[in-house]
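Q: Build me a model from this:
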Amino acid sequence: MSKVSPKRTARRGRIFPEVNFSPEEIARRRAELDSFYKRCRPIFDRVQSELIQDHYNWFMIIEPDSGDYFIDPDEEVADQKARQKHPDAMFGMFRLNETGACGRI
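A: Prediction:
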């Protein structure tokens, strides 16, 4: 006779319950990201029309403080190029297509 194992119940809850951000902290982080995006997007818009014809769907990494951008068909290679020149900077990533989106929803 075989043993019948009890059915496991699904655990519900947070993955990391010890990490709780206040609504103010969430709003602050969202505002910082929006501000960063607003600095990156004009650089992308300025060069998109020039690069989209020859480099369609390539990745573009932008460092907004200097205005530098790095393109490559491989996302990781583009990131490595950017990190070699600006090792401690924060980068924005776009894709050279009509919308600039990197993925699908």
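
Q: drop to CA atoms for contacts and neighbour counts, all remaining ones
A: Will do.

Q: Tell me the secondary structure of Phe70, please.
A: Of the three states, Phe70 takes strand under DSSP: H, G, I helix; E, B strand; the rest coil.

Q: Same question for Ile26.
A: Under three-state DSSP, the three-state class of Ile26 is helix.

Q: residue contacts, the residue positioned nearest the centre of the chain?
A: Ranked by distance to the mean C-alpha position of the chain (CA atoms, centre = their mean), the top residue is Met93 at 5.8 Å. Neighbouring residues of Met93 by CA atoms under 8 Å, 6 or more residues apart in numbering: 59-62, 102.

Q: Tell me where this protein has strands.
A: Here the chain has its strands, by DSSP state E, at 59-63, 68-72, 92-95.

Q: State the distance from Ala89 to Phe44.
A: Separation of Ala89 from Phe44 (CA to CA, to the nearest Å) stands at 17 Å.

Q: quick one, which of these two is more surrounded?
A: Looking at Ala89 and Phe44 with other CA atoms under 10 Å, you find the greater number of neighbours at Phe44, namely 23 against 11.

Q: Low-confidence stretches in this protein?
A: Low-confidence segments of the chain (pLDDT under 70): 1-2, 4-5, 103-105.

Q: Where do the helices of it begin and end?
A: Under the criterion DSSP state H, helices of the chain are mapped to 23-51, 75-85.

Q: tell me the most buried of the ones you listed?
A: With neighbours taken as mean count of other CA atoms under 10 Å, these reach their highest mean count in helix 75-85, at a mean of 16.

Q: other SSEs contacting it?
A: Secondary-structure packing of helix 75-85 (3 or more CA pairs under 8 Å, 6 or more residues apart in numbering; DSSP states H and E): strand 59-63, strand 68-72.

Q: Dump that helix to PDB, restricted to CA.
A: Listed next in PDB are the C-alpha coordinates belonging to helix 75-85 (Å, rounded to 0.1, in the frame of the first residue of the first chain):
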ATOM      1  CA  GLU A  75      22.800  44.500 -24.700                       C
ATOM      2  CA  GLU A  76      25.600  43.300 -22.600                       C
ATOM      3  CA  VAL A  77      28.400  44.500 -24.900                       C
ATOM      4  CA  ALA A  78      26.700  48.000 -25.000                       C
ATOM      5  CA  ASP A  79      26.600  48.000 -21.200                       C
ATOM      6  CA  GLN A  80      30.300  47.000 -21.000                       C
ATOM      7  CA  LYS A  81      31.300  49.800 -23.300                       C
ATOM      8  CA  ALA A  82      29.400  52.300 -21.200                       C
ATOM      9  CA  ARG A  83      30.900  50.900 -17.900                       C
ATOM     10  CA  GLN A  84      34.400  51.100 -19.300                       C
ATOM     11  CA  LYS A  85      34.100  54.900 -19.800                       C
END
